[in-house]
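Asks: next input, structure requested:
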Amino acid sequence: MEETPNKDTDWIKTLPKVHFHLHLDGSVRLNTIWDIALKDNIDLGVQSIEELKKICQITEPMSSLQEVLDVFWVHQKVLNSYANIKRVTIENIEDAFKDEVVLLELRFAPTFIAAGKQNLSNEDIIRGVLDGVQEGMQKYPVEVGLIAIAVRGLDHEANKRALNDIIKFKDGSHACANRLVGFDLAAGESGTQAEDFLDLVTTAREAGLHITVHSGEDTDAEHVRQTIEVLGAERIGHGIRSWNDDEVIQLIKDRNIHLEISLSSNWLTKTVPSIAEHPIGKFYEAGVSISINTDDAHLMGIDLIHEYELIAENHGLTREDFIKINKDALEHSFLPEDIKGKVRDQYFK
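Replies: Residues are numbered from 1 along each chain as shown. Here you go, the predicted model:
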């Protein structure tokens, strides 16, 4: 992992932060993976936690986005029960609290989590996440929203069933039903078209879910344009490859589209050649709405504070810049206005 010089970063640690782009199913603590594997007799093909780290963490750029996505399956194996999913959800909220995150939108993919597990239903998964959010918010002062993911490359009908189950919970009686606020398309975009998923996005939108889409990570600016114009995305996960297309950048600004940016992730997937060459500073200077995210914190061996330190060191953003970014990000949160208002009044007045 690219290192940040040892500098006084106390102001970064205490800065209130908004974190939009975090995959629950790509962010399971190393010790948790090892503990669950031992407890549930899951064969991970390794004999020690040191060996485990080599197969479930990425710290240097890999050959492709797909190679990175393959590492997700190690994390996926231990999300094998209601109890373990609830545990990992709570731990993600605790990690957010340690990073001084005051508003977190956590995303998860029922279709991916359930794959290969006959005894794990969508209901088990969704209830585990919701109960984890309920308990996590009781323990830690973090406002949490949830984004359900449909995975490109997995069975379309399975994605549809998972979305319908999400909507049932959203419209149900769970105390955290109002925390189910968004819908996302994730995994590799290359080789797909926006129209392939229009039915899912339309169903989600009609059910009252906001739309964010992974786009412009392993593709180009044209895919970002389609994501906006065909799918009507309000936010875009990454969107990095749009930078060199002035018309698409103008479209992003005209439509007030928010980009969820993850610096280390974009470097590790070779979306950008280096941390220093990432266009985050250019997006910010151009007036594009952005947020700072980890993407898959434990899979990449990072935390959110690390990302802020990288940006400050490599792109010169200041405390005032970060405050402005987080204030603007809050306005693009999918959580209800009363929750956003509470966060705004407490941390961003």
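Asks: residues in contact with the lowest-mean-pLDDT helix or strand in the chain: which ones?
Replies: Averaged element by element with mean pLDDT, DSSP states H and E, the chain has its least confident helix or strand at helix 65-78 (a mean of 86). For helix 65-78, contacts defined as Cβ atoms under 8 Å, 6 or more residues apart in numbering pick out 23, 25-28, 32-33, 36-37, 40, 42, 44, 52, 55-58, 62, 84, 88, 112-113, 115, 187-188, 217-218, 268-271, 296, 298-299. Every residue, glycine included, has its C-beta placed from N, CA and C.
Asks: same thing with stretch 154-170?
Replies: By Cβ under 8 Å, 6+ apart, the surrounding residues in contact with stretch 154-170 are 109-112, 114-115, 122-123, 126-127, 130, 148, 150-151, 177, 180, 183, 187, 199-200, 203-204, 207-209.
Asks: give me the buried subset of those.
Replies: The neighbour-count test (16 or more other Cβ atoms under 10 Å) marks 109-112, 114, 122, 126-127, 130, 148, 150-151, 180, 183, 187, 200, 203-204, 207, 209 as buried among these.
Asks: filter the contacts of helix 65-78 down to the ones in helices?
Replies: Using DSSP state H, the members of those that fall in helices are 32-33, 36-37, 52, 55-56, 84, 88, 112-113, 268.
Asks: quick check on those: which are buried?
Replies: Neighbour-count burial (16+ other Cβ under 10 Å) applied to the ones in helices among the contacts of helix 65-78 gives 32-33, 36-37, 52, 56, 84, 88, 112-113, 268.
Asks: most widely separated two among those?
Replies: Asn84 and Leu268 (25.9 Å; Cβ to Cβ).
Asks: please identify the helix or strand for Leu231.
Replies: Under the criterion of DSSP states H and E, Leu231 resides outside all helices and strands.
Asks: what do you get for Ala148?
Replies: Secondary structure assignment for Ala148, by DSSP H and E: strand 143-151.
Asks: angle of that strand against helix 65-78?
Replies: Interaxial angle of strand 143-151 relative to helix 65-78 (axes from the mean of the first three to the mean of the last three Cα atoms, to 10 degrees): 110 degrees.
Asks: ok, then the element right after strand 143-151?
Replies: Counting by DSSP H and E, the next helix or strand C-terminal to strand 143-151 is helix 156-170.
Asks: now for the ones in helices among the contacts of helix 65-78: which two are most distant?
Replies: Most distant of those, by Cβ to Cβ, are Asn84 and Leu268, 25.9 Å apart.
Asks: below-threshold pLDDT in the stretch 201-349 of the chain: ranges please.
Replies: Within the stretch 201-349 of the chain, no stretch has pLDDT under 70.
Asks: now with 90?
Replies: The stretch 201-349 of the chain contains residues with pLDDT under 90 at 349.
Asks: how about the CA coordinates for the least confident helix or strand of the chain, as PDB?
Replies: Presented in PDB, the C-alpha positions along helix 65-78 are these (Å, rounded to 0.1, in the frame of the first residue of the first chain):
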ATOM      1  CA  LEU A  65     -10.800  -5.200 -11.500                       C
ATOM      2  CA  GLN A  66     -12.000  -8.800 -11.900                       C
ATOM      3  CA  GLU A  67      -9.000 -10.100 -10.000                       C
ATOM      4  CA  VAL A  68      -9.800  -7.800  -7.200                       C
ATOM      5  CA  LEU A  69     -13.500  -8.900  -7.200                       C
ATOM      6  CA  ASP A  70     -12.400 -12.500  -6.900                       C
ATOM      7  CA  VAL A  71     -10.900 -11.700  -3.400                       C
ATOM      8  CA  PHE A  72     -14.400 -10.900  -2.300                       C
ATOM      9  CA  TRP A  73     -15.300 -14.600  -2.200                       C
ATOM     10  CA  VAL A  74     -13.100 -15.100   0.800                       C
ATOM     11  CA  HIS A  75     -15.100 -12.500   2.700                       C
ATOM     12  CA  GLN A  76     -18.300 -14.000   1.300                       C
ATOM     13  CA  LYS A  77     -17.700 -17.400   2.800                       C
ATOM     14  CA  VAL A  78     -18.000 -16.200   6.400                       C
END
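Asks: buried stuff in it?
Replies: Neighbour-count burial for helix 65-78, with 16+ other Cβ under 10 Å as criterion, is recorded at 65, 68-69, 71-72, 74-78.
Asks: would you say Ile211 is within a helix?
Replies: No. With DSSP: H, G, I helix; E, B strand; the rest coil as the criterion, Ile211 is located in strand rather than a helix.
Asks: what is the neighbour count of the residue nearest to Lys54 when sequence neighbours are not counted?
Replies: Nearest residue to Lys54 in three dimensions, chain neighbours excluded: Val46, at 7.7 Å (Cβ to Cβ, 6 or more residues apart in numbering). A count of neighbours around Val46, defined by other Cβ atoms under 10 Å, yields 16.
Asks: many thanks, we can stop here.
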